[in-house]
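Q: Need a 3D model of the sequence below.
(one chain, ligands or ions: 2)
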Amino acid sequence: MERKFQHRQPPSSEITPQSVYLSRREWLKMAGLVSTASVLAACTPNGTLPSSTTTSAAPNGSLVDEFGNPANTYKEITHYNNYYEFSTDKQAVARLTENFQASPWAIEVGGMVHKPKTYDYNELLKFEQVERIYRLRCVEAWSMVIPWTGFELNKLLRQVEPLSSAKYVKFTALLDPKKFPGQRNRLYPWPYTEGLRLDEAMHPLTLIALGVYGQPLPNQNGAPLRLVVPWKYGFKSIKAIIKIELTDIQPTTLWSTIAPDEYGFYANVNPQVDHPRWSQRTERRIGELGRRETLMFNGYADEVAPLYAGMDLRANY
Ligand SMILES: Nc1nc2c(c(=O)[nH]1)N[C@H]1C(S)=C(S)[C@@H](COP(=O)(O)O)O[C@H]1N2
Ligand SMILES: [Mo]
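A: Ligands and ions are numbered 1, 2, ... in the order given. Below is the predicted model of the structure:
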């Protein structure tokens, strides 16, 4: 279950410049990810990190997912982004986010819980930090492999003690047209909202990401914190979250409000259920020529298929 970073030998051109390495190491330390030996312990005989270590060596191209697919480069991950609060142009997001201020930041966790609490960003670093390489499959049929750092959402939810009647989790992103030029576009029902069933939110694969490639989350990827649900289409993984609420009704979401027949609540990656305007059978991995077959639940079926036992995944798209 635990997807530790796996390591393959990086070409020398990909070795992290010392300056990046130091600041990264500093941040990892803050996040509790560096114990003394971990950075140098990356290479083991079978290429897998020992479970006691959690870091990797290089900032791009040196990591693989559990199928042996290389992670996308830091450059790719930070220069091809869906972030409608800034722009609908994926290649424009990086530049537009340059001056975004992601600190200070707090996240309010409440609703149907026994112990509602507002967490300052720094308190989130106290949850056990993990590193996971996940595939991100966008509903628009492109994909990437991204090394995240963060913590399992279930750790946070347990701490606030959901009521037994809570069934769903609603996520709300920041509303601030001064910071987000895209929010001046009134065609979208801002703020960006998303939702999960409580059991999906509690699943150990579901992360709150605080970083990419061991560095604090870049602005364009949702700084300072965002959801990552690797078996669902990318739009479920909401960026720049300020509020998490437990509820007993299925939350409305930005995308299902705009186009309910195109963006369902479940949005599980499923090659057999086409989007009304295009096939979901294949995908373009950013950085590759040609196309790949899309995998059921984005390749995480062993872990998550039981969540949907007996459900009609065509009706609940
Ligand atoms: N707040 C917010 N979160 C968002 C989006 C957005 O526009 N706003 N886009 C979503 C979509 S469609 C995708 S594919 C992923 C892209 O994440 P990435 O840029 O880190 O690859 O973010 C998701 N989270
Ligand atoms: Mo997406």
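Q: and the residue in the stretch 101-250 of the chain that ligand 1 sits nearest to, what are its phi and psi?
A: Nearest residue of the stretch 101-250 of the chain to ligand 1: G234, at 2.5 Å (Cβ to the nearest ligand atom). Backbone N, C-alpha and C define where each C-beta goes, glycine included. Here the main-chain torsion angles of G234 (degrees, to the nearest 10) amount to phi -50, psi -30.
Q: go on, K155?
A: The phi/psi pair for K155 (degrees, to the nearest 10) is phi -60, psi -40.
Q: In the protein, which strand is the longest?
A: In the chain, assigned by DSSP state E, the strand with the most residues is strand 142-152.
Q: same for that one, what does it pack against?
A: Where contact means 3 or more Cβ pairs under 8 Å, 6 or more residues apart in numbering; DSSP states H and E, strand 142-152 is packed against helix 74-79, strand 130-137, strand 207-212, strand 282-285.
Q: let's go with 10 Å and repeat that
A: Packing contacts for strand 142-152, counted by 3 or more Cβ pairs under 10 Å, 6 or more residues apart in numbering; DSSP states H and E, involve strand 63-64, helix 74-79, strand 130-137, strand 207-212, strand 226-228, strand 282-285.
Q: For the residue of the stretch 101-250 of the chain closest to ligand 1, grab the count of nearby residues.
A: Neighbourhood size, G234 [other Cβ atoms under 10 Å]: 20.
Q: Verify the contact between it and V269 for me.
A: Yes - contact criterion Cβ atoms under 10 Å: G234 and V269 qualify, at 9.3 Å.
Q: shaky segments in the stretch 101-250 of the chain?
A: Nowhere does the stretch 101-250 of the chain drop to pLDDT under 70.
Q: which parts of the stretch 51-200 of the chain sit against ligand 2?
A: N82, C138 (Cβ under 5 Å from the ion).
Q: Show me where the stretch 51-200 of the chain has its helices.
A: For the stretch 51-200 of the chain, applying DSSP state H, counting those that start in this stretch gives helices covering 74-79, 93-96, 121-124, 153-160, 198-202.
Q: For the ones you listed, give me CSV that also has distance to R285 and mean neighbour count.
A: As requested, the helices of the stretch 51-200 of the chain are exported to CSV (distance: least, Cβ to Cβ, whole Å; neighbours: other Cβ atoms under 10 Å):
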stretch, distance to R285, mean neighbour count
helix 74-79, 10, 18
helix 93-96, 19, 19
helix 121-124, 31, 16
helix 153-160, 26, 17
helix 198-202, 25, 19
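Q: what does the stretch 151-300 of the chain put close to ligand 1?
A: Residues of the stretch 151-300 of the chain lying near ligand 1 by Cβ under 6 Å from any ligand atom: A173, Y192, N221, G234, F235, S237, I238, K239, A240.
Q: Kindly indicate whether the fifth one is helix, strand or coil.
A: It refers to F235. Here F235 is helix, with the state taken from DSSP: H, G, I helix; E, B strand; the rest coil.
Q: Next, the contact list for it, please.
A: F235 sits next to 82, 84, 138-140, 192, 194, 253-256, 263, 267 when contact means Cβ atoms under 10 Å, 6 or more residues apart in numbering.
Q: okay, now the residue of the stretch 1-150 of the chain found nearest ligand 2: neighbour count?
A: Residue of the stretch 1-150 of the chain nearest ligand 2, by Cβ to the ion: C138 (3.5 Å). Residues within reach of C138, counting by other Cβ under 10 Å, total 19.
Q: Just the buried subset of the residues of the stretch 151-300 of the chain next to ligand 1, please.
A: Buried members of these, counted by 16 or more other Cβ atoms under 10 Å: A173, Y192, N221, G234, F235, S237, I238, K239, A240.
Q: of all these, which comes closest to ligand 2?
A: G234 (3.4 Å).
Q: For that closest one, give me its contacts.
A: By Cβ under 10 Å, 6+ apart, the contact set of G234 is 82, 136-140, 142-144, 228, 267, 269, 298.
Q: who wins for most neighbours among these?
A: When neighbours are counted by other Cβ under 10 Å, V269 leads these with 28 neighbours.
Q: How about the contacts made by that one?
A: Residues near V269 by Cβ under 10 Å, 6+ apart: 135-139, 143, 229-234, 236, 280, 283, 294-301.
Q: and if we set it to 7 Å?
A: Listed by Cβ atoms under 7 Å, 6 or more residues apart in numbering, the contact set of V269 reads R137, W231, K232, Y233, T294, F297, N298.
Q: All set now, cheers.
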